[in-house]
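Enquirer: Next come a sequence and a model predicted from it.
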Amino acid sequence: GMERTFAMIKPDGVRRGLTPEILARIARKGYRVVGLKQMVIARETAENHYAEHRERPFFGELVDFITGGPVVALALEGENAIAGWRAMMGATNPANAAPGTIRADFATTTGENVTHGSDSPGSAQRELALFFHDGELLA
Ligand code: CMP
């Protein structure tokens with residue numbers, strides 16, 4: 001069915017000027033961009049966003065990275081958009097990402113893998129609410 005998902009171009013992607021290329025892929029796929037903002041993520045928001053990774057050894061590094069420069073936060077709408085956007089990104093580790101995916105084409109390391117996407121309907125709802133007010137999204 002129709003879904004909304006939270007997507008993000010991470011600081012490495014924004015810094016490298018990949019925003020237009022990634023937005024073009026989203027448009028070609030047919031997803032509707034219902035929310036979009038370039039922003040620097042507050043530390044508290046980042047810790048909340050990545051709460052499930054709090055006990056991991058790379059948590060501090062992850063929060064430093066994601067707050068270290070502007071990101072582009074996106075709300076995408078489309079048929080099966082949650083799994084579909086993750087398929088477009090490819091595997092978390094770019095070495096395992098299928099050819100033609102964003103991570104295969106543009107990334108080399110797990111730590112700096114250019115984009116994020118919600119992994120389930122519950123995550124999508126939580127992450128969209130963390131980054132967008134209702135009034136900021138298209139109806
Ligand atoms: P993402 O799936 O967007 O959210 C969790 C992030 O943790 C993941 O992207 C990676 O960027 C990051 N991550 C996962 N494993 C590692 C790791 N071993 N070292 C550094 N970062 C990691």
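Expert: Looks like it came in fine. Numbering: from 1, shown residues only.

Enquirer: Is T115 in contact with G13, as I believe?
Expert: Yes: under the criterion of Cβ atoms under 8 Å, T115 makes contact with G13 at 6.3 Å. Where C-beta positions appear, they are placed from N, C-alpha and C, glycine not excepted.

Enquirer: Helices of this protein, start to end?
Expert: 11-15, 19-29, 43-49, 59-66, 81-89, 102-106, 121-131 (DSSP state H).

Enquirer: for these, which one sits closest to the ligand?
Expert: Nearest to the ligand, of all those, is helix 59-66, at 5.0 Å by Cβ to the nearest ligand atom.

Enquirer: contacting residues around the closest one?
Expert: With contacts defined as Cβ atoms under 8 Å, 6 or more residues apart in numbering, helix 59-66 is touched by 10-12, 41, 43, 46-47, 49-50, 53, 56, 111-112.

Enquirer: near the ligand, from these?
Expert: The subset of those within reach of the ligand, by Cβ under 6 Å from any ligand atom, is H53, G111.

Enquirer: Quick check on the contacts of helix 59-66: which are buried?
Expert: Buried by 16 or more other Cβ atoms under 10 Å: K10, P11, D12, I41, A46, E47, H49, Y50, E112, out of the contacts of helix 59-66.

Enquirer: Just give the number of residues close to H116.
Expert: 23 (other Cβ atoms under 10 Å).

Enquirer: That one reaches M8, doesn't it?
Expert: Yes: look at H116 against M8 with Cβ under 8 Å: they come within range, at 4.1 Å.

Enquirer: Can I get the helices of the chain in JSON lines including distance to L138?
Expert: What follows is those, written out as JSON lines (distance: least, Cβ to Cβ, whole Å):
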{"stretch": "helix 11-15", "distance to L138": "22"}
{"stretch": "helix 19-29", "distance to L138": "14"}
{"stretch": "helix 43-49", "distance to L138": "22"}
{"stretch": "helix 59-66", "distance to L138": "25"}
{"stretch": "helix 81-89", "distance to L138": "14"}
{"stretch": "helix 102-106", "distance to L138": "23"}
{"stretch": "helix 121-131", "distance to L138": "13"}
